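[1] here is a sequence together with a model predicted from it:
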Amino acid sequence: MKNAYLKWFKGKVKKAITNYGMIENGDRLAVGLSGGKDSMALLHVLYLIRREVPVHFHLHAIFVNPGWPMDVDTMEDFCRQRDIPFTNKITDIGEVVFEHREEKSPCALCANLRRGAINNTARALGLNKLALGHHLDDAIETFLMSLVYTGQFRTFSPVTYMDRSDITLIRPMIYITGKTVETFVQRQEIPVVKSLCPVNGKTKREEMKELVTMLSDRYPELRTRFLTAFQTLDPENLWPPMVCRNWQQYKKATAGNTPDNSERGAN
Ligand SMILES: Nc1ncnc2c1ncn2[C@@H]1O[C@H](COP(=O)(O)OP(=O)(O)OP(=O)(O)O)[C@@H](O)[C@H]1O
């Protein structure tokens, strides 16, 4: 049973990798390791499938240390046991976000600074791709946050090339739900390091998480439906771009096609 589950989980990750061409022969992958369950699961599953797939790739775990106390030893041991190099990139992100600026939206700033730090570290280490532990629930929550707070239909992609840093971002667990990652972590006895972030658990994302849980209690296939929608979105099924924003523009654009007032008066 345990083996069947492991095989199924690895299969989902391999499918995402092949469906979106995430890993090529010779790739040097950074894995963003936060110590949380998602990235620890990601590192473990990539370590396991590396021996099974017909492409050769290198793994290197990077932890962007925000500067508050964390159990880095557990992460380091986890990597050492798998013979994966580990970099603990010490930063002052925590201080910048919470002490100097007293940020109104600390999560956005923290994520931005973290992204910069991880990209720079990956480049300096000669790595060309960055794997993150995002899963299907993260993609759905991002979609709902964009919809509810900014009125946009958007979410992150399984693969994104970032030209500024020349690094390709990949999300190999994109087909897997958060609950499934949790079960994987328990069954594989993967250690998880608690985050001591002061806003942990109080974010807008948490609100979306609750919304998804509530909706999927009523519509159990909701997550799979979202996945299908992300994969098959057809712009033809959405509204076309606006032709003109106002009557003046419309008149100009259709000059020669619309009858003018004198003609209307004549009729
Ligand atoms: N401090 C960090 N250092 C390196 N990578 C990180 C760090 N924080 C987050 N990441 C990467 O970004 C991904 C998404 O980050 P997010 O903050 O949404 O974490 P999460 O969904 O709680 O995941 P996790 O359970 O791995 O912490 C993580 O899965 C991980 O790959």
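    Arrived safely, thanks for sending.

[2] can you list the residues of the stretch 1-150 of the chain near the ligand?
    32-34, 36-39, 62-64, 114, 118, 132-134, 138 (Cβ under 6 Å from any ligand atom). Glycine gets a C-beta too; all of them are placed from N, C-alpha and C.

[3] just the residues you listed: which are in strands?
    Members of these lying in strands (criterion: DSSP state E): Gly32, Ile62, Phe63, Val64.

[4] would you list those residues in JSON lines and tack on pLDDT, neighbour count and distance to Val55?
    What follows is those, written out as JSON lines (pLDDT from 0 to 100; neighbours: other Cβ atoms under 10 Å; distance: Cβ to Cβ, whole Å):
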{"residue": "Gly32", "pLDDT": "98", "neighbour count": "24", "distance to Val55": "20"}
{"residue": "Ile62", "pLDDT": "98", "neighbour count": "22", "distance to Val55": "21"}
{"residue": "Phe63", "pLDDT": "97", "neighbour count": "24", "distance to Val55": "25"}
{"residue": "Val64", "pLDDT": "97", "neighbour count": "23", "distance to Val55": "27"}
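
[5] and the residue of the stretch 151-267 of the chain found nearest the ligand, helix, strand or coil?
    Nearest residue of the stretch 151-267 of the chain to the ligand (Cβ to the nearest ligand atom) works out as Ser195 at 6.6 Å. At Ser195 the chain is in coil, as set by DSSP: H, G, I helix; E, B strand; the rest coil.

[6] and for it, nearest residue in space, chain neighbours not counted?
    In this structure, Ser195 finds its nearest non-sequential neighbour in Gly36, 6.2 Å apart by Cβ to Cβ, 6 or more residues apart in numbering.

[7] what is the burial count for the one you found?
    When neighbours are counted by other Cβ atoms under 10 Å, Gly36 registers 16.

[8] what does Gly94 give?
    Close neighbours of Gly94, defined as other Cβ under 10 Å, add up to 19.

[9] what sits against it?
    By Cβ atoms under 8 Å, 6 or more residues apart in numbering, the residues touching Gly94 are Pro66, Gly67, Trp68.

[10] out of these, which one sits closest to Ala108?
    Set against Ala108, the nearest of the contacts of Gly94 by Cβ to Cβ is Pro66 (14.5 Å).

[11] quick check, pLDDT for that closest one.
    On the pLDDT scale, Pro66 is placed at 91.

[12] for it, give me phi and psi.
    When read as degrees, to the nearest 10, the backbone of Pro66 gives phi -70, psi -10.

[13] surely it meets Thr91?
    Yes: with contact defined as Cβ atoms under 8 Å, Pro66 and Thr91 form a contacting pair (6.3 Å).

[14] the more surrounded of the two?
    Between Pro66 and Thr91, counted using other Cβ under 10 Å, the more crowded position is Pro66 (24 against 17).

[15] where's that one relative to Asn257, distance?
    Distance of Pro66 to Asn257, computed by Cβ to Cβ, to the nearest Å: 60 Å.

[16] now do the strands in the chain.
    Assigned by DSSP E, the chain shows strands spanning 28-32, 58-65, 86-90, 129-131, 159-162, 167-170.

[17] closest to Glu210 out of those strands?
    Nearest of the strands of the chain (Cβ to Cβ): strand 28-32, 25.4 Å.

[18] may I have the strands that pair with the closest one, each with its orientation?
    strand 58-65 (parallel), strand 129-131 (parallel) (DSSP bridges).

[19] in contact with Pro106, which residues?
    By Cβ under 8 Å, 6+ apart, the contact list for Pro106 reads Val97, Phe98, Val199.

[20] need those residues in a markdown table (columns: distance to Arg50, pLDDT and neighbour count).
    Below are these laid out as a markdown table (distance: Cβ to Cβ, whole Å; pLDDT from 0 to 100; neighbours: other Cβ atoms under 10 Å):
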| residue | distance to Arg50 | pLDDT | neighbour count |
| --- | --- | --- | --- |
| Val97 | 35 | 83 | 26 |
| Phe98 | 38 | 77 | 19 |
| Val199 | 35 | 72 | 14 |
